[in-house]
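>>> the following block contains a protein sequence and its predicted model.
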There are 4 protein chains.
Amino acid sequence: MSGSTFGKNIKITTWGESHGEALGVVIDGFPAGMELCGEDIQKFLDRRKPGTSSATTSRKEDDKVEILSGVFEGKTTGTPISLLVRNTNQHSGDYSDIASYYRPGHADYTFDEKYGFRDYRGGGRSSGRETIGRVAAGAICMKLLSEMGVDVMAYTKSIGPIEADMAKFERNSIYESPSAMPDREADKKAMDYIMKCREEQDSVGGVIECRINGVPAGIGDPVFDKLDAALSLAVMSVGAVKAIEIGDGVLVSGRKGSENNDSFAIDDSTGKVVKKTNHAGGILGGISDGSEIVLRAHVKPTPSIARSQSTVNKDNENIEINIHGRHDPVVVPRAVVVVEAMCAITVLDQMISNMSSRSDYIKQFYLQK
Amino acid sequence: MSGSTFGKNIKITTWGESHGEALGVVIDGFPAGMELCGEDIQKFLDRRKPGTSSATTSRKEDDKVEILSGVFEGKTTGTPISLLVRNTNQHSGDYSDIASYYRPGHADYTFDEKYGFRDYRGGGRSSGRETIGRVAAGAICMKLLSEMGVDVMAYTKSIGPIEADMAKFERNSIYESPSAMPDREADKKAMDYIMKCREEQDSVGGVIECRINGVPAGIGDPVFDKLDAALSLAVMSVGAVKAIEIGDGVLVSGRKGSENNDSFAIDDSTGKVVKKTNHAGGILGGISDGSEIVLRAHVKPTPSIARSQSTVNKDNENIEINIHGRHDPVVVPRAVVVVEAMCAITVLDQMISNMSSRSDYIKQFYLQK
Amino acid sequence: MSGSTFGKNIKITTWGESHGEALGVVIDGFPAGMELCGEDIQKFLDRRKPGTSSATTSRKEDDKVEILSGVFEGKTTGTPISLLVRNTNQHSGDYSDIASYYRPGHADYTFDEKYGFRDYRGGGRSSGRETIGRVAAGAICMKLLSEMGVDVMAYTKSIGPIEADMAKFERNSIYESPSAMPDREADKKAMDYIMKCREEQDSVGGVIECRINGVPAGIGDPVFDKLDAALSLAVMSVGAVKAIEIGDGVLVSGRKGSENNDSFAIDDSTGKVVKKTNHAGGILGGISDGSEIVLRAHVKPTPSIARSQSTVNKDNENIEINIHGRHDPVVVPRAVVVVEAMCAITVLDQMISNMSSRSDYIKQFYLQK
Amino acid sequence: MSGSTFGKNIKITTWGESHGEALGVVIDGFPAGMELCGEDIQKFLDRRKPGTSSATTSRKEDDKVEILSGVFEGKTTGTPISLLVRNTNQHSGDYSDIASYYRPGHADYTFDEKYGFRDYRGGGRSSGRETIGRVAAGAICMKLLSEMGVDVMAYTKSIGPIEADMAKFERNSIYESPSAMPDREADKKAMDYIMKCREEQDSVGGVIECRINGVPAGIGDPVFDKLDAALSLAVMSVGAVKAIEIGDGVLVSGRKGSENNDSFAIDDSTGKVVKKTNHAGGILGGISDGSEIVLRAHVKPTPSIARSQSTVNKDNENIEINIHGRHDPVVVPRAVVVVEAMCAITVLDQMISNMSSRSDYIKQFYLQK
């Protein structure tokens, strides 16, 4: 069964291995007529590009995107958009040992069990480089969402024990600070913490938060395709994510109803229905309620660490290994734009589904034409 | 876009409203030849049946399942299995007020925004009664899994601040205690806590944990259909769930790699590859690693509480409401079997997908025949 | 893999066997707010009901539809519509022999090979009664299409060698004549031919034509989900259909381009683009061109015939059989409404897909709201 | 809604325009461990390559395939196989006029109506060059089918009035004769006919037949995913196909049951169940019966003809046009391998689905491991 396709109306299919010729994505079902150029995509890819700070792998990749189809005279044509990024800085030699043993925390063992063998170079298909296709597709969805007033913003909420203080929130800090935190002071502390762990031949985890504004009430399908369920699938499918929270998330299980319910009220200025609080994170019964959608992803520390670890090899022997190579001591900052991308694709997809939720919508659409 | 169908190989479609004629499910793609009778399903439905303890709604429903198709001479035929449960104890009058206002924490407002109106009787389609279809389908999947040595076991991990002590684990306690906790002492405390909150006209949340044993290594598709992503979709689609954790879940974001990695080792007795620890919860790179799969769902407190709450009505006025009716002060105990069902369906579905993961498997299958 | 679900936006799932308790369909994704009552569906079911003329089986079934969910206060709610028809006139005894041998032209052998055994009563799942669910779902789609000015009309084009003369076309004749021909004279001849074949213990085939008017240009997705490809899947999935033609169909293979091309022209009265001819049957490149969509299905003669036939039994012996029971000497007239239903579902589904074909459509939709 | 993805277990997604940078396909879900090299694919692409005879366009394209992912150390890895073919011989200038008017028989008008504009260079996405991706994917599926003893063979059955005589069948003639007919004498006549029509500035249609041997009984899902319905979708989605026949196809509508039924018998030599005739074309009730599967596609004459035609331009004026450029006078010979590819993909996909049709199969699979 295929597992590299995501989405219902807009279907994205990523392909490519860490150390193959290239990686890419095909975006099928994207609507026609939106202006699109390479730069619209490149600016998102640059946010996940390695080698930009001491917190990332020293592998240098330009990650320049080529648009191979689906755009004509500067606009999307409604047909599949094929995007390709060439791998240029493969050091396959770095991974030659890996062929013979299973790295703890990696998918080496499970790939071998599933497929009988694996492309062991840099994690092959389970490499973080697979997310290039996601980010490229997300960039395109983000552009259309943005034209509709929907803003998808992810950032690093915490790195190990260091948490961003939302009172010091500064949006540009997300894009400028190496940790992708929206709080420049916390960013400094986080980077110190990362460097210290790296010196200890260790790695660190963290939390990514995503806030989505401008989604009208009514998006999401009840039952299995709930908006929060779809977002959970989308974000849990990003490697290294081990928990997902919607709104107040894990806190709700310890609460009473009177603490957790969000009261509705009429907004005095607009006359519209609003919620006084947002414990629910903008989703009720799987459907957006018009308030901010809030989601958090808990990301595990990079499993590749330089210090000695015990594992087994393919001859079924217990061995000790030291993983060398160019690894990020933390994947959180580079994963921020991946989470953003997955949320954007999901929200746009569900907004399209919603266009046919009422028979009157369909009738109006066709009677207008 | 439809949202009431779940699964890829085995597709389940639930239908029905809380106060309609009936609820049900169609299970399409279930393999032929498995023995199946009503009792196989009924025993699971009885675990979610209301009215069995003081912690549940006083609505009395027999929830007797009828098998309408897909079973012949006591065995599944490979064609759709249609199951139906009649609603018998509707008190629609209890809900007449609800038509005019939006209950905090419920999907009343979002349904109205999406569809233009709603079946306001008892939550209609967003009622917990929708899960009857899920549990019935899960029961059928569980039977086949069980015949293959896969055990899916969910239980109440905590109710508000009361947590089950796994040192006192007793499996039967899950099925016999009103809280569905595997620790009889914690169950008593939890029930006291629930009763106290109910007296205060309040409700409580909790945590459901699911442990799946016997799944071989290799199940799950990398990238978007990761086993953990599929489980997250499955369980987050259960109403009232606001967070999902795989393995150590939210704890991983605060850890270092050296703390979080699970070392591989050769098991002395079997000679097989095992993990010394299981922070990962049995899934690496989205694929099962042969160890126990562990998942937790955080469930919010029942939004329907008797104490006074502020909200708005359909005339856009701020009002105060007191919700009457027969509500569970906690949904966790009855949701345990729903989480179990969703996990079972997901695991079986992915095990089927995995049958074609290698070309040799396919060749063997057809050359044997 | 499941095979009982059809459609992308509106998903219909049929279930039920010829001689089981009941048959039905779940329609998921149907938009909210359309008025719907049982009679809207019943009138279509009555067109496929047996026992209405000498050309059909003598099995008497009321085929009364029950709406179990998805309709509230007379309108669709946007949630799954579950429809059920009880089997009341099963003569399972008629089929007792069939358990032991394979009827020529039926699916007895292939079901056994696929599933290891089969519900042998009246064809089980491969019975024509399965189409009850299709017709019921089609009736609902037809109602919405009709409100948008789309007319889907199928009729019997020919029975054996007797062909309807379109110069004598009368729409009511389709619904009133036993052959479902739009030409009352041809109907009489066709009925005579059917009766003669029946006397000879034989059965006859025929052609069903479907004409769809009012579909705007632009419906259908290029490449795999072409409108003509989707219609072919839909109609070829009706049992007994062995060939599908779009527009001039099989004639095109013998033609030259100059004969087969349809010239475009400006319609003098409306100023719009029209085609001077319609060899293409209203579809170019898989997309509707605004002219009439024309499709034909070739239906084989009923395989159940009273005269002696040679076949094999489950003990692998060559035997002679005489099939008794209540069989239609021709399935064409009753299949007309099934073809109509499948075309209606397909067209509505693709019209919904088309709502998101342009980014401007999506922006307008959400900026209007 | 996306329309460029085909298949359920093995999903293929084609992308690319006639005159864009490149065309390609992503094959997701193909099983691991099959040996695969470029030549396995190239030999199929060469069968559809233009410029090989006077019956094809003079556009010269090498159509060299690059494997960008999914193959490691000469074997498929189970992850997406990305294939790319660069366009090298675009003469976009040839198409500059086309931007301003609608060619009869082409998708120019319908693309404009659907998407608001179109890539007018060489048909853009609706070009026959899109089928490069299909053929490449088909080649890969064919290799696995071949290893399982399944043979998929398509050929030109007729060109205009010239029909291949199956008594003179020679398999190599399919691959060696310019018409792709299996009868070398008919091929010569067909080529003369084509040349004569070309001189008359005209084009011709024809019939492609596909015969599939070695498929075991039991493949195909009853109801909507019938094997014949799936094949119809697959083949009707090939541009220019206007009719599909299974087995005796259009002939069945004029027959009586006694003529059309295929009697079962025990094969004396093998002791197995066989059919004495094969009017059904190897499929009963949507499921393969173990005999040869036979399908025919009726292909219309190339709509691009040099002689003068009347049409309209984008200013809504009636005009006369003469289409220049490098067009095939007949698409049938080059479409043969496309039909073969689509049938191969469909059959392999359904064979994979069938692996889980019985609960015993699943249990055996997992208990063996």
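Looks like it came in fine.

>>> and the stretch 251-369 of chain A, which of its residues are near chain C?
A:351-353, A:355-363, A:365-367, A:369 (CB under 8 Å from any CB of the partner chain). Where you see a C-beta, it was placed from the backbone N, CA and C, and this is true even at glycine.

>>> now the residue in the stretch 251-369 of chain A that chain B sits nearest to: closest residue in space, sequence neighbours ignored.
In the stretch 251-369 of chain A, no residue comes nearer to chain B than A:Gly285, which is 2.4 Å away by CB to the nearest CB. In this structure, A:Gly285 finds its nearest non-sequential neighbour in B:Ala107, 2.4 Å apart by CB to CB, 6 or more residues apart in numbering or on different chains.

>>> doesn't A:Pro222 make contact with the one you found?
Yes: contact between B:Ala107 and A:Pro222 holds when scored by CB atoms under 8 Å: they sit 7.0 Å apart.

>>> who has more neighbours out of those two?
Under the neighbour definition other CB atoms under 10 Å in any protein chain shown, B:Ala107 and A:Pro222 were set side by side, and B:Ala107 has more, 28 against 25.

>>> packing partners for the host helix or strand of A:Val294?
Assigned by DSSP states H and E, A:Val294 falls within strand A:293-299. Judged by 3 or more CB pairs under 8 Å, 6 or more residues apart in numbering or on different chains; DSSP states H and E, strand A:293-299 is in contact with strand A:206-213, helix A:227-236, strand A:241-246, helix A:332-354.

>>> 10 Å instead, please
Here strand A:293-299 is seen to pack against strand A:151-159, strand A:206-213, helix A:227-236, strand A:241-246, strand A:283-284, helix A:332-354, strand B:241-246 when contacts are counted using 3 or more CB pairs under 10 Å, 6 or more residues apart in numbering or on different chains; DSSP states H and E.

>>> tell me the buried residues in the first one?
Neighbour-count burial for strand A:151-159, with 16 or more other CB atoms under 10 Å in any protein chain shown as criterion, is recorded at A:152, A:154-159.

>>> so which of those is the closest to B:Ala99?
If you rank these by distance to B:Ala99 using CB to CB, A:Val152 comes first, at 35.2 Å.

>>> identify the bridge partners of that closest one.
A:Ile212 (DSSP bridges).

>>> same question for the one 4 residues further on.
Counting by DSSP bridges, A:Thr156 is bridged to A:Ile208.

>>> quick one: contacts for it?
For A:Thr156, the contact set (CB atoms under 10 Å, 6 or more residues apart in numbering or on different chains) comprises A:162-164, A:173-174, A:177-183, A:186-187, A:190, A:206-209, A:299, A:330, A:332-333, A:335-336.

>>> A:Phe111 now?
Under the criterion of CB under 10 Å, 6+ apart, the neighbours of A:Phe111 are A:102, A:117-120, A:123-126, B:218, B:222, B:284-285, B:287, D:32, D:77-79.

>>> stretch A:357-369 near chain B at all?
Yes: among the residues of stretch A:357-369, A:357-361 lie within reach of chain B under CB under 10 Å from any CB of the partner chain.

>>> so can I have JSON lines of those showing neighbour count, secondary structure and pLDDT?
Formatted as JSON lines, those follow (neighbours: other CB atoms under 10 Å in any protein chain shown; DSSP: H, G, I helix; E, B strand; the rest coil; pLDDT from 0 to 100):
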{"residue": "A:Ser357", "neighbour count": "23", "secondary structure": "coil", "pLDDT": "97"}
{"residue": "A:Arg358", "neighbour count": "21", "secondary structure": "strand", "pLDDT": "98"}
{"residue": "A:Ser359", "neighbour count": "24", "secondary structure": "helix", "pLDDT": "97"}
{"residue": "A:Asp360", "neighbour count": "14", "secondary structure": "helix", "pLDDT": "97"}
{"residue": "A:Tyr361", "neighbour count": "21", "secondary structure": "helix", "pLDDT": "96"}
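
>>> please tabulate those residues in CSV, including the columns distance to C:Thr5.
Written out in CSV, the entries for the residues of stretch A:357-369 next to chain B read as follows (distance: CB to CB, whole Å):
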residue, distance to C:Thr5
A:Ser357, 20
A:Arg358, 23
A:Ser359, 22
A:Asp360, 26
A:Tyr361, 24
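
>>> which of those residues lies closest to C:Arg134?
Proximity of the residues of stretch A:357-369 next to chain B to C:Arg134 (CB to CB) peaks at A:Ser359, which lies at 20.6 Å.

>>> so the closest one touches C:Ser146, yeah?
No: the pair A:Ser359 / C:Ser146 is not scored as a contact, 11.8 Å apart, by CB atoms under 10 Å.

>>> show me where chain A has helices.
Here chain A has its helices, by DSSP state H, at A:38-48, A:108-115, A:131-147, A:171-176, A:184-199, A:227-236, A:257-260, A:332-354, A:359-368.

>>> get me the contact residues on the stretch 1-150 of chain A for chain C.
With the criterion set to CB under 10 Å from any CB, the stretch 1-150 of chain A comes near chain C through A:1, A:8-10, A:28-36, A:75-76, A:78-80, A:143-145, A:147-150.

>>> try 7 Å
Applying the criterion CB under 7 Å from any CB of the partner chain, the portion of the stretch 1-150 of chain A that neighbours chain C consists of A:9, A:31-34, A:76, A:78-79, A:144, A:147-148.

>>> of those residues, which is the most crowded?
The most neighbours of any of the residues of the stretch 1-150 of chain A next to chain C, using other CB under 10 Å, belong to A:Thr79, which has 33 neighbours.

>>> pull the number of nearby residues for the residue lying closest to that residue once chain neighbours are set aside.
Of all residues beyond its chain neighbours, the one nearest A:Thr79 is D:Arg125 (4.1 Å), with distances taken as CB to CB, 6+ apart. Using other CB under 10 Å, the number of residues around D:Arg125 comes to 29.

>>> what's the answer for A:Glu185, then?
Other residues near A:Glu185 come to 14 when the count uses other CB under 10 Å.
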